[in-house]
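Asker: return a 3D structure for these sequence lines:
(one chain, ligands or ions: 1)
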Amino acid sequence: MILHDNGLFLLKNDSFSYLFKVGKYGELQHLHFGAPVEITDADCFACIPGPGWGSNLVMDDADPHSCPDFIPLEWSGSGRGDYRESPLEIGRATDLRYVNHRILEGSQPMVCGLPQAHGDCETLEITLEQPGLRLKLYYSLFDTALVRRTVVENTGDGEISLHKCMSFSMDLPGNYIMTTFHGGWSAEMRRMDNRVGGAKITNESRTGASSNQHNPGFFLREAGTTENDGVAYGFNLVYSGNHYAAAQQSQTGLTRVMQGINPANFCKVLAPGEVFETPEAVLCWSDAGLNGLSRAMHKFVNDHIVPEYWAGRPRPVLYNSWEGCVFDFNQHRLLNLADRAKDLGCELFVLDDGWFGVRNNDHCSLGDYNVNLKKLPDGMDGLAKRITAKGMQFGLWFEPESVSPDSDLYRAHPDWALTDEFTPILGRHQLLLDLTKPEVRDYIVSSVTGILDTAAISYVKWDMNRHSVALGAKAHDYILGLYDILRRIFGPRPEILLESCSSGGNRFDLGMLCFSPQVWCSDDTDPIERLTIQGNLSYLYPQSTFGAHVSAAPHAQTLRATPLSTRGNVSFFGCLGYELDLKHLFPVEITEIKNQIAFYKQYRALFQYGRFTRHALGWQVSDSNMAISGVFHQQVSAAPPYERLRITGLEKEKTYRFRSLEQKIRVGQFGNLLKHVVPFSVSPSGLLVRTADAHYAMPDGGEDRTATGAALASGVMLKPLFRGTGYTTDQRNQGDYGSNVYIIEPVE
Ligand code: GLA
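Answerer: This next block holds a predicted model:
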């Protein structure tokens, strides 16, 4: 609901209220973003700015309370006495004042090609002006989020150089901790918490993409806010390019927060009459802690960001060829893998890199999307037909934004690559194509659709393994070019499931999610690393967007050996896939994977779309009927404490069965301890144990109890962890990196 009364605006949904007013001088004063309140409460939030004595400037010399530097604002100018960071820079003073407003059903469609949140909402359009410049601020109110963006129009006679224009700016009273997420390749989503004070905190990417270095999503929370209690604000940007966010406390204790396209090296020249639109920024609020905030953000992404066709739709269990084959495959090997994957229960077979040109390594062929008939003699169509005939779907990897200098495309069109006046600088031996050129976009659209339309392809992995060197408005235009390509390819083919990837999670953002319902979280599939990566992604993004695969152990990047159960248990909390050479699986592993996939399929809706909770021991997904909880361990100790697992969100009075997913443990895991278990002498590394490990696994201590929702919420005292007492099913005999999954269902 959006209400207007005498210069006051209230935007109110079931989650929060957002209140602001037109001030005496036409400035927009921020009043409240938080708990649901009424428009009549505005008086409670009105802030009476102190007098602008000293060296402060005032809007009216007769009014000492008109100091712009002291007022909590929804938008602010520069060069007119508000010394805080301005959301707008055009190289001269700006002083935009309220002119009028409109309240619209739905959102106001964007015209520049940026993606936009979809679905039910109401929109408030506020127009501000100064001579030669018009600004429209859009506020679209969705069920769990407010979406803001800005449109600038040059209404003068000369050009305007737009150096900076944020999607939103806002001044929040109070003290906050800013939570941001940083990292690098195979090290995505490292969480950082910093107190916002007088020194500005910024969160920005400069790689040309949203980047794994600094995810665009961030939080502001009050000091006492925990996972389950307290006030927190969440922000994110529907954009895949260079982004920028800043938070800083002013002299009067207001926290100015803003987000938008990174102004670094940015400049867009607006001719008279020309308009510039910013990406949408998403604002959420919760007083139910970070879990509450995440749920609001998850709901928004699931309902209003991912393509409508895929909203709530089950995601297939996939097999991906990359970690198992890399570039070394042929049709025979792929079909053999497909047979094995099908037998395990996989529903989709994805052929990753290496199928085109002469791409037998990553030094060549990007750009040449002609099928390598030496590897695939029946062509892509032939391969797809054979795989779909097995009852699986077929998916394919592309990296359309890049070009290898050693490619026919580059030899024919060297000018299509994005370069500068220096020697081309390469990343993974490749350059980016200049997506600002219409002929390049046409080439990409026709080469990708040429493959998609001649073979039964129901999934595309869209990779991007080097980032841009483009600066200024070109970096932004590159992203607009990318969106144009994605729209042209996948708009008419909505049923193709698109998974975006950029060396893993180097472009995990709401812009890409508008086209690709899932994103490859990281090239790092070590489950212990994934606890950080997926766990921290879960602050901002729902688990339906996480590509999460079981890979081989010891792990290719960490050399860490983890149990297959833990690799499965972590990957369950996302879109499950398998990415390893299936030929080398032991019979006992084949059985375990079959069980994992069957279990996941049974509870797929809960894992992909259930209400997600981070808890002290791991993660939980639940709906109104049931819950599944994962408990994960890293290094165990010799004297482990008891663990009490709280199951939240169930009905207090109802009775539930609490049971663990059956798990087995390797005989060889016990090493020399085997002498205490078997009645004869056995070499822990001998043939007997190795043969036993291939065919047999021992049951681990599981759970099967009954309790009310109230008792479960207080916590189940789990069976203890192994404590040097020998093997027994009265404990969890797991060692390092063990984990369990517990299923909690009502007793009929
Ligand atoms: C990137 C991706 C991987 C894989 C390779 C193929 O690294 O993140 O998943 O697709 O490219 O070259």
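
Asker: quick one: the strands in the stretch 351-500 of the chain?
Answerer: With DSSP state E, counting those that start in this stretch, the ranges of strands along the stretch 351-500 of the chain come out as 393-398, 402-403, 431-432, 459-462, 497-500.

Asker: ugh, wrong one, I meant the stretch 201-350 of the chain
Answerer: Under DSSP E, counting those that start in this stretch, the stretch 201-350 of the chain gives strands at 201-204, 218-221, 232-237, 243-249, 254-261, 268-270, 275-277, 281-286, 318-320, 348-351.

Asker: for the ligand, find the nearest of those strands.
Answerer: Closest of these to the ligand is strand 318-320, at 7.4 Å (criterion: CB to the nearest ligand atom). All C-beta spots, glycine's among them, are computed from the backbone N, C-alpha and C.

Asker: for the closest one, packing partners?
Answerer: Using 3 or more CB pairs under 8 Å, 6 or more residues apart in numbering; DSSP states H and E, the elements in contact with strand 318-320 are helix 331-344, strand 348-351, strand 575-578.

Asker: just the CA coordinates for the second one, please, in PDB.
Answerer: Only the C-alpha atoms of strand 348-351 are listed here, as PDB (Å, rounded to 0.1, in the frame of the first residue of the first chain):
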ATOM      1  CA  LEU A 348      20.300 -34.000 -16.700                       C
ATOM      2  CA  PHE A 349      23.600 -34.700 -18.400                       C
ATOM      3  CA  VAL A 350      25.700 -31.500 -18.900                       C
ATOM      4  CA  LEU A 351      28.600 -31.500 -21.400                       C
END
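
Asker: follow-up on the earlier one: out of the strands of the stretch 201-350 of the chain, flag the one nearest Val448.
Answerer: Nearest to Val448, of all the strands of the stretch 201-350 of the chain, is strand 348-351, at 14.6 Å by CB to CB.

Asker: just to revisit the earlier point, for the strands of the stretch 201-350 of the chain, give me JSON lines that also has distance to Leu293, mean neighbour count and mean pLDDT.
Answerer: Listed next are the strands of the stretch 201-350 of the chain as JSON lines, based on distance: least, CB to CB, whole Å; neighbours: other CB atoms under 10 Å; pLDDT from 0 to 100:
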{"stretch": "strand 201-204", "distance to Leu293": "17", "mean neighbour count": "20", "mean pLDDT": "98"}
{"stretch": "strand 218-221", "distance to Leu293": "7", "mean neighbour count": "24", "mean pLDDT": "98"}
{"stretch": "strand 232-237", "distance to Leu293": "5", "mean neighbour count": "27", "mean pLDDT": "98"}
{"stretch": "strand 243-249", "distance to Leu293": "16", "mean neighbour count": "23", "mean pLDDT": "98"}
{"stretch": "strand 254-261", "distance to Leu293": "15", "mean neighbour count": "25", "mean pLDDT": "98"}
{"stretch": "strand 268-270", "distance to Leu293": "33", "mean neighbour count": "16", "mean pLDDT": "97"}
{"stretch": "strand 275-277", "distance to Leu293": "27", "mean neighbour count": "18", "mean pLDDT": "98"}
{"stretch": "strand 281-286", "distance to Leu293": "4", "mean neighbour count": "26", "mean pLDDT": "98"}
{"stretch": "strand 318-320", "distance to Leu293": "30", "mean neighbour count": "27", "mean pLDDT": "98"}
{"stretch": "strand 348-351", "distance to Leu293": "33", "mean neighbour count": "25", "mean pLDDT": "98"}
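
Asker: can I get those strands in CSV including distance to Gly724?
Answerer: Shown next, in CSV, are these (distance: least, CB to CB, whole Å):
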stretch, distance to Gly724
strand 201-204, 46
strand 218-221, 41
strand 232-237, 42
strand 243-249, 49
strand 254-261, 52
strand 268-270, 67
strand 275-277, 64
strand 281-286, 44
strand 318-320, 40
strand 348-351, 44
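
Asker: so which of those comes closest to Ala35?
Answerer: Of all those, strand 281-286 comes closest under CB to CB, at 8.3 Å.

Asker: tell me which other helices or strands the closest one touches.
Answerer: Using 3+ CB pairs under 8 Å, 6+ apart, strand 281-286 is in contact with strand 28-34, strand 146-154, strand 164-173, strand 232-237, helix 289-300.

Asker: quick one: strands adjacent to it?
Answerer: Using DSSP bridges, the strands paired with strand 281-286 in its sheet are strand 146-154 (antiparallel), strand 232-237 (antiparallel).

Asker: reformat those strands as TSV; add distance to Leu104.
Answerer: Converted to TSV, these look like this (distance: least, CB to CB, whole Å):
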stretch	distance to Leu104
strand 146-154	13
strand 232-237	22
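
Asker: least trustworthy helix or strand in the protein by mean pLDDT?
Answerer: helix 674-677 (a mean of 77; mean pLDDT, DSSP states H and E).

Asker: what residues of that helix count as buried?
Answerer: Leu674 (16 or more other CB atoms under 10 Å).

Asker: and for stretch 131-140?
Answerer: Buried residues in stretch 131-140, defined by neighbour count with 16+ other CB under 10 Å: Leu133, Arg134, Leu135, Lys136, Leu137, Tyr138, Tyr139, Ser140.

Asker: next, the residue nearest to the third one when sequence neighbours are not counted: phi, psi?
Answerer: Distances taken as CB to CB, 6 or more residues apart in numbering put Leu128 closest to Leu135, at 4.5 Å, once the chain neighbours are dropped. Backbone torsions for Leu128, taken as degrees, to the nearest 10, come to phi -120, psi 150.

Asker: residues contacting Asn330?
Answerer: Lys374, Lys375, Leu376 (CB atoms under 8 Å, 6 or more residues apart in numbering).

Asker: that one and Leu383: what is the separation?
Answerer: Remark: distance between Asn330 and Leu383 (CB to CB, to the nearest Å) = 10 Å.

Asker: and the residue of the stretch 301-450 of the chain found nearest the ligand, how many neighbours does it have?
Answerer: In the stretch 301-450 of the chain, the residue that lies nearest the ligand is Asp353 (3.5 Å; CB to the nearest ligand atom). Counted with other CB atoms under 10 Å, residues neighbouring Asp353 total 21.

Asker: try Gly391
Answerer: 8.

Asker: among the buried residues of stretch 131-140, which ones are in strands?
Answerer: Leu133, Arg134, Leu135, Lys136, Leu137, Tyr138, Tyr139, Ser140 (DSSP state E).
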